[in-house]
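Engineer: A predicted structure for the sequence below; I have some questions about it.
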Amino acid sequence: DAKTTQPNSMESNEEEPVHLPCNHSTISGTDYIHWYRQLPSQGPEYVIHGLTSNVNNRMASLAIAEDRKSSTLILHRATLRDAAVYYCILIPDHGGSQGNLIFGKGTKLSVKP
Amino acid sequence: DGGITQSPKYLFRKEGQNVTLSCEQNLNHDAMYWYRQDPGQGLRLIYYSQIVNDFQKGDIAEGYSVSREKKESFPLTVTSAQKNPTAFYLCASSMTHEGVYGYTFGSGTRLTVV
């Protein structure tokens, strides 16, 4: 299964944009790029996902490199509630469901008031 | 609202006891999963089920057992054979084509051996 590489931690000021990078140089053609975030003692929460094109939703934007070997999660205005561990994971779509999610250590985002 | 409900949120187990963690979903998802998360670590797959009455072992199934008698329910039993059961347990579900639709996670159960 393809792996991703993220910085261990990042800091942001409240109400400023945050760009969280992810490298996935061994991504395959059927891999979707998903982002989840997790607060302490809670389950991961879906943020956004995409395949090739940039994506926007009410929580964030996802910018995907043209060669798909990297992506960036963009929080447009960070709030204190955005402080969490953010995981970038690749989920292949080949019709089966085997649950082999490779959640690495993610990026711990701190937001300063 | 549809979602996954895990209970209890906190569970304490004595040495030698079996305990069962509940996971219920009302998302009409076919597949369900159990993961274990240790401090500062990623998720490790315990068991998964793609359809009712069928389930498969994941990477760390030893000392655990599951059942899938109903589409909505996927309980996990932590048996006394599990040597180090203290961890955070997460249940998840997905539709087929999980790459397209992603996973939905429950809020977790923290199990502590006392």
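Structural biologist: Right, received. Where do you want to start?
Engineer: Close to chain A: what parts of chain B are there?
Structural biologist: Contact residues (Cβ under 8 Å from any Cβ of the partner chain) of chain B with chain A: B:4, B:6, B:30-31, B:33, B:35, B:40-43, B:45, B:48, B:50, B:56, B:58, B:88, B:90, B:92, B:94-100, B:102-108, B:110. For glycine as for every other residue, the C-beta is placed from the backbone atoms N, C-alpha and C.
Engineer: Dig out what A:L109 forms beta bridges with.
Structural biologist: Note on A:L109: beta-bridge partners by DSSP bridges are A:M10, A:A84.
Engineer: circling back: list buried members of the residues of chain B next to chain A by neighbour count.
Structural biologist: B:4, B:6, B:31, B:33, B:35, B:43, B:45, B:48, B:50, B:58, B:88, B:90, B:92, B:94-95, B:98-99, B:102-108 (16 or more other Cβ atoms under 10 Å in any protein chain shown).
Engineer: so what's the residue in chain B positioned nearest to chain A closest to, chain neighbours aside?
Structural biologist: Among the residues of chain B, B:G99 lies nearest to chain A; the distance is 2.7 Å by Cβ to the nearest Cβ. Distance criterion Cβ to Cβ, 6 or more residues apart in numbering or on different chains; nearest residue to B:G99, sequence neighbours excluded, is A:D93 at 2.7 Å.
Engineer: before we move on, what about B:G42?
Structural biologist: B:G42 sits nearest to A:F103 (Cβ to Cβ, 6+ apart), 3.8 Å away.
Engineer: ok, that neighbour - contacts?
Structural biologist: A:36, A:44, A:87, A:89, B:42-43 (Cβ atoms under 8 Å, 6 or more residues apart in numbering or on different chains).
Engineer: related to what we said a few turns ago, which of the residues of chain B next to chain A fall in strands?
Structural biologist: B:4, B:6, B:31, B:33, B:35, B:43, B:45, B:48, B:50, B:56, B:88, B:90, B:92, B:94, B:103-105, B:110 (DSSP state E).
Engineer: what comes up buried for stretch A:92-112?
Structural biologist: For stretch A:92-112, by 16+ other Cβ under 10 Å, it's A:92-93, A:97-99, A:101, A:103-104, A:106-109, A:111.
Engineer: and if you look at stretch A:33-40?
Structural biologist: Those would be A:33-38, for stretch A:33-40 by 16+ other Cβ under 10 Å.
Engineer: now for these, which pair is the farthest apart?
Structural biologist: Farthest apart among the buried residues of stretch A:33-40 by Cβ to Cβ are A:I33 and A:Q38. That separation is 17.3 Å.
Engineer: Quick check: residues of chain A near chain B?
Structural biologist: Checking chain A against chain B by Cβ under 8 Å from any Cβ, the hits are A:30-32, A:34, A:36, A:41-46, A:49, A:91-105.
Engineer: Which single residue in chain A comes nearest to chain B?
Structural biologist: A:D93 (2.7 Å).
Engineer: Am I right that B:F74 is in contact with B:S49?
Structural biologist: Yes: in this structure, B:F74 is within contact of B:S49 by Cβ atoms under 8 Å, at 5.9 Å.
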